[in-house]
Structure formats: structure tokens, C-alpha cells
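# Below are the sequence and a predicted model; questions follow.
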Amino acid sequence: MATRAPAVAGTWYPATPGALAKDVNEYLLAAAPTTAGTAGGQVMALIAPHAGLMFSGPVGAHAYAAVAGRSVDVVVLVGPSHFVAFDGVALYPDGAFATPLGEMPIDAGGARSLERFPVIHVMPSVHAREHSLEMQLPFLKTVLPDTSIVPLLMGHQSRETIVALGDAIAAAFADRNAILVASTDLSHYFDARSAQALDGQVQAFVEAFDAEGLLDHFEQYPEGERGRYVACGGGPMIAVMRAARALGARNARVLRYAHSGEVSGDYEGVVGYLAAALGTFPDATG
């Protein structure tokens, strides 16, 4: 399959390798001290945002700093589809995703292991315009430059799809040295005080590693409002939490929270961003 070209390079993040590497490395350097809470443990999954790099990059860097330099077979990327509505989960099955920092190859074996699950559909066209996975790639190419990826986009974020995807990932990657990544922003376009209250509820479920509680919370809102009040990638986040738990993760750490107003100066309509790690951490409970 042809290599997927970047859709938002030059707009959401720099298209030139030097400028992009400078920004990413500066964010990672600033984030590194906060990952001390994961030291001595095993990070198995991440939650990271996907807005424009200048807005969400300083937060997402906290997630990726926690896995920098790890030896990893594959990274399973799960994000929401913002442009195409469909049932189930769209898989990009082979080839590569291009980035200004170099290509990231698709782990074709990992992709094939998912194709046997009914919730997964080979739909590469869904990925063409989507930014939710693309915004993870500059960080991944920097901290895990030799890894391969399995890209997954969730359509309608129903309970059935969320549960089925979590189960499929856990089954397909049980024998792989994999890191799972859920791509999501939190609440959208509330004033900062309201956003922090809404996003605090999500953080509490993540810190408690309570995927079922977060799913119940997600479903309290009409489907069309869940992205605004909870998270646009709420389904991917819950699916990854469920899969990580099934694969042996026992704790969760929120590494950083911020909102877009802290960059833009506009506190009247902000978007919330969260970085978190799931795994086994020796001084944590849960």
C-alpha cells in the first residue's frame, strides 16, 4: 500500500525537519522531570492529546517522555475519526505513515492479527485527512525512532465498539512488546473554569484506572455531545484503558493537564489536554 502522506504538516506542526525536531525536543526536555513517577515501573499505555503542536505538544510530551528510549516492538495507535462517520474501527493495514522526520512503517503482522475481529475493518481511506494519529508521530519518531505502528481510527463510539476494540487489542498483542496510545483531547470550547471542572472528572477516572466508570460517565451525555463535554477520543481512551488492564497494567498516572487558553490567552473557549501513563508502578496502588 502507498505511504500515507501527512495531512496537517505545515499547518498544525512544522513541515521542515529541523524546525519540527527543535520544537519536539524542547517539549520533551521540559517534560522529562515529571516522568519520575513512572521510574522503576513499566509503561504499557499512554493517553496523549492531538491538537496543534504549539497548543497540545507541551502536554503530549509528558506522555512520550515516559517511554523515551524504550525497546518496543510495536505501538498501537487508537484515535477518533473526526471527518468520516462509520461503524467499527478503521485499520490502515500496511505500508507506512510519512512524517517530516522520516517514515513510520506499519506493523503488517500486528495489523493482520486484528483483521480477524469483526469490529475491525480495513479502511485506509478514512485515515487520509485525519489528524488524531498524525499528531502523535513527531513524538513517536523522536522517542522510539525504530518502532512500527498499527493505526486504528474509531468511528461511532458506541459501548459495543469500545468494548470490542479493547478486547481485540488485548488478544492480538498479548505476546508482543507493545505500547498502546489513546489519542484524545478533553472538553471543547467551555470557559476555563468549566473546562477544568469537566476535565477533572475524566482525570479522576483515569487516575483510578476505572475504565468502566469512565464509560458510564461518557454515556451520560448524548452521543453528539460526548466529545464536547468529556473527550473527542473518549471511546479510544476507554478501549485502551481496558486493553491495558487486560494486558497486565495495574496503575495509572496523570502526568500533565493543561488547556489551550494557557497558550492562546483566550480563557473563554478552551480545549483540555491530558497526558497519562498506564502500567505497573512500584509505589502506586490500584
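Nice, thanks for sending it over.
# show me where the stretch 151-286 of the chain has helices.
For the stretch 151-286 of the chain, the helices defined by DSSP state H, counting those that start in this stretch cover 159-172, 192-207, 211-218, 226-229, 234-246, 261-264.
# R256 pairs with what?
Following DSSP bridges, R256 is listed with bridge partners A275.
# how far away is P93 from I179?
For P93, the distance to I179 equals 20 Å [C-beta to C-beta, to the nearest Å]. C-beta: built from backbone N, CA, C; applies to glycine.
# and the closest residue in space to T38 that isn't next to it in sequence, what is it in contact with?
Once flanking residues are discounted, T38 sits nearest to A66: 4.7 Å by C-beta to C-beta, 6 or more residues apart in numbering. By C-beta atoms under 8 Å, 6 or more residues apart in numbering, the contact list for A66 reads 35, 38, 43, 46, 255, 277.
# Which ones among the residues you listed map onto strands?
The strands, defined by DSSP state E, take in 43, 46, 255, 277 from the contacts of A66.
# any idea which of those residues has the most stuff around it?
Neighbour counts for the ones in strands among the contacts of A66 peak at A277, which has 31 neighbours (criterion: other C-beta atoms under 10 Å).
# Let me see the contact set for it.
Per C-beta under 8 Å, 6+ apart, neighbours of A277: 35, 38, 43, 45-47, 63, 66, 252-253, 255.
# Can you show me the strands along the stretch 1-150 of the chain?
42-48, 74-80, 89-91, 96-97, 104-105, 120-122, 148-154 (DSSP state E, counting those that start in this stretch).
# State the distance from M104 to P151.
Per C-beta to C-beta, M104 is found 9 Å from P151.
# what do you get for G269?
According to C-beta to C-beta, G269 and P151 sit 30 Å apart.
# between those two, who's got more neighbours?
Neighbours were counted for G269 and for P151 using other C-beta under 10 Å; P151 has more, 28 against 14.
# For that one, give the beta-bridge partners.
Beta bridges link P151 to L77, judged by DSSP bridges.
# Correct me if wrong: A275 contacts L255.
Yes. A275 is in contact with L255 according to C-beta atoms under 8 Å; the separation is 4.5 Å.
# quick one on the thing from earlier: out of the strands of the stretch 1-150 of the chain, which comes closest to R228?
Of all those, strand 74-80 sits nearest to R228, with 12.7 Å by C-beta to C-beta.
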